[in-house]
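# model the structure of this input:
(one chain, ligands or ions: 2)
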Amino acid sequence: MQEIINKAKTLMEALPWIRNFYGKTIVIKYGGNAMVEEHLKVGFARDIIMMKYIGLNPVVVHGGGPQIGKVLKAMGKESRFIQGMRVTDTETMDVVEMVLGGKVNKEIVGNINRHGGRAVGLTGKDGNLIVAHKMEMTAVNPDTLTPEIIDVGMVGEVESINPEIITGLENANFIPVIAPVGVGLSGETYNINADLVAGRVAGALKAEKLILLTDVEGVKGKDGRLISTIDVQRVPDLINDGTITGGMIPKVNCCVDAVEEGVKKAHIIDGRMEHACLLEIFTDKGIGTAIARF
Ligand SMILES: Nc1ncnc2c1ncn2[C@@H]1O[C@H](COP(=O)(O)OP(=O)(O)O)[C@@H](O)[C@H]1O
Ligand SMILES: CC(=O)N[C@@H](CCC(=O)OP(=O)(O)O)C(=O)O
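Numbers count the residues shown, from 1 in each chain. Ligands and ions are numbered 1, 2, ... in the order given. From the prediction side, this is the model:
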């Protein structure tokens, strides 16, 4: 008997959060292990469906770096990254578009639909959702110690997001699933880092939350312990003092940009944990690191 009452208590814990977030948009960047392990894939699809049925508007932006790397490798092409961006020649661009917009996107859409949701897959070309331009990258030449322009090929930077297609799908009760491929002003195709796309989509939609799933617990301090909350103003110090490094830098920066564009809170959470999204949204404690203006 007590067990059943405890179940009801757990459900009731979600009530204030359901009330708070009813009708609100939540943008989720889906990537890492959560996109590889079968039980996590199914768990994620079901979490998204649950959110939708409860009355939230989840919008999924997915990655797929390892999946692209695997196909390139099979073709005999090595992947090269500069400052976290995949150097993208025209052949690589074709592979990126096929893998992200095709196989990866449709697998996520298929999983959501198979478990009772109504998902629709898009790339940034659909409805001109993600307009992009070539990313300008510079790095200091170690010999001359002067900054030099580096050509990373068709790596794009988001110029603008046209969210009408997403709001249209939301209004028709569909769940948008977005591949991070952008379109240039002359119709050219760009490969864009998925975290950056998720941040800009969340900003354009003035989302209630941006959630980035990754393969660590969240942002950790120098002592290795999880930092639960970070004020946006503190982020530059944490980068400058070397607390946040590597792949975590673009993630926290994209959270800061999203908050500055009007997103209430951004979260970096552990996608290796089953039901990570639901736990973040519907429980008192939440998980991972929250970045906002506190
Ligand atoms: N302060 C920090 N807290 C947590 N992870 C950090 C931190 N600084 C650097 N990292 C690194 O950032 C990585 C996450 O970035 P990345 O591997 O690019 O993620 P993803 O593949 O999910 O996009 C972590 O695995 C960790 O090695
Ligand atoms: C420019 C650039 O690097 N684009 C990424 C796009 C996919 C991505 O971001 O996937 P993850 O989230 O799994 O890393 C790439 O080619 O890998």
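# may I ask you to name the longest helix in this protein?
Longest helix in the chain, counting residues (DSSP state H): helix 38-54.
# next SSE downstream of that one?
Sequence order places strand 57-62 as the next helix or strand after helix 38-54, per DSSP states H and E.
# and the helix or strand just after that following strand, is it in reach of ligand 2?
Using DSSP H and E, the helix or strand that directly follows strand 57-62 along the chain is helix 65-74. Yes. Interface with ligand 2: helix 65-74 contributes 65, 68 (Cβ under 6 Å from any ligand atom). The way it works is simple: take the backbone N, C-alpha and C, and place the C-beta from them, glycine included.
# list phi and psi for the residue in the stretch 101-250 of the chain that ligand 2 sits nearest to.
Per Cβ to the nearest ligand atom, the residue of the stretch 101-250 of the chain with the smallest distance to ligand 2 is residue 194, at 3.5 Å. Phi and psi for residue 194, reported as degrees, to the nearest 10, are phi -70, psi -30.
# what sits against it?
Counting by Cβ atoms under 8 Å, 6 or more residues apart in numbering, residue 194 makes contact with 29, 31, 61-65, 180.
# tell me the pLDDT at it?
With respect to pLDDT, residue 194 has a value of 96.
# quick check, nearest of the contacts of residue 194 to ligand 1?
Distances from ligand 1 to those, taken by Cβ to the nearest ligand atom, are shortest for residue 31, at 5.2 Å.
# tell me the pLDDT at that closest one?
pLDDT, residue 31: 91.
# can you tell me the closest non-neighbouring residue to it?
residue 63 (3.4 Å; Cβ to Cβ, 6 or more residues apart in numbering).
# how much space between that neighbour and residue 101?
Distance from residue 63 to residue 101, counting by Cβ to Cβ, to the nearest Å: 13 Å.
# so which bits of the chain are right by ligand 2?
31, 63-65, 68, 85-86, 96, 155, 180, 191-194.
# residue 95 contacts residue 73, correct?
No. Assessed by Cβ atoms under 8 Å, residue 95 is found out of contact with residue 73, at 10.6 Å.
# these two - which one has more neighbours?
In this view residue 95 and residue 73 are compared by other Cβ atoms under 10 Å, and residue 95 has more residues nearby, 19 against 11.
# distance of the residue of the stretch 1-150 of the chain found nearest ligand 2 relative to residue 77?
Ranked by Cβ to the nearest ligand atom, the top residue of the stretch 1-150 of the chain for proximity to ligand 2 is residue 63, at 2.2 Å. Noted for residue 63: a distance of 19 Å to residue 77, by Cβ to Cβ.
# for residue 119, same thing?
Distance from residue 119 to residue 77, by Cβ to Cβ: 31 Å.
# neighbour-wise, which of these two wins?
Set residue 119 next to residue 77 and count neighbours by other Cβ under 10 Å: residue 119 wins out with 25 against 14.
# tell me the contacts of that one?
Here residue 119 is in contact with 48, 60, 108-109, 112-113, 174-177 (Cβ under 8 Å, 6+ apart).
# for whichever residue of the chain sits closest to ligand 1, what are phi and psi?
Nearest residue of the chain to ligand 1, counting by Cβ to the nearest ligand atom: residue 247, 2.1 Å away. For residue 247, the backbone dihedrals are phi -60, psi -10 (criterion: degrees, to the nearest 10).
# what number of residues lie near it?
So residue 247, with other Cβ under 10 Å, has 14 neighbours.
# same check, this time on residue 221
11.
# that one: what's it in contact with?
227, 243.
# check residue 36 too.
Residue 36 neighbours (Cβ under 8 Å, 6+ apart): residue 66.
# and it, how far from residue 248?
Counting by Cβ to Cβ - residue 36 and residue 248 are separated by 20 Å.
# just residue 189 next, same as before
For residue 189, the distance to residue 248 - Cβ to Cβ - is 28 Å.
# quick one: the helices in the stretch 101-250 of the chain?
Using DSSP state H, counting those that start in this stretch, the helices found in the stretch 101-250 of the chain span residues 105-114, 164-171, 194-204, 235-240, 248-260.
# and the last one, what does it pack against?
Okay, so that is helix 248-260. helix 194-204, strand 209-214, helix 235-240, strand 265-270, strand 289-292 (3 or more Cβ pairs under 8 Å, 6 or more residues apart in numbering; DSSP states H and E).
# can you put those in TSV and add distance to residue 170?
Formatted as TSV, the helices and strands packed on helix 248-260 follow (distance: least, Cβ to Cβ, whole Å):
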stretch	distance to residue 170
helix 194-204	12
strand 209-214	15
helix 235-240	30
strand 265-270	20
strand 289-292	23
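# figure out which of these is closest to residue 145.
Across the helices and strands packed on helix 248-260, residue 145 has its closest neighbour in helix 235-240 (20.3 Å, Cβ to Cβ).
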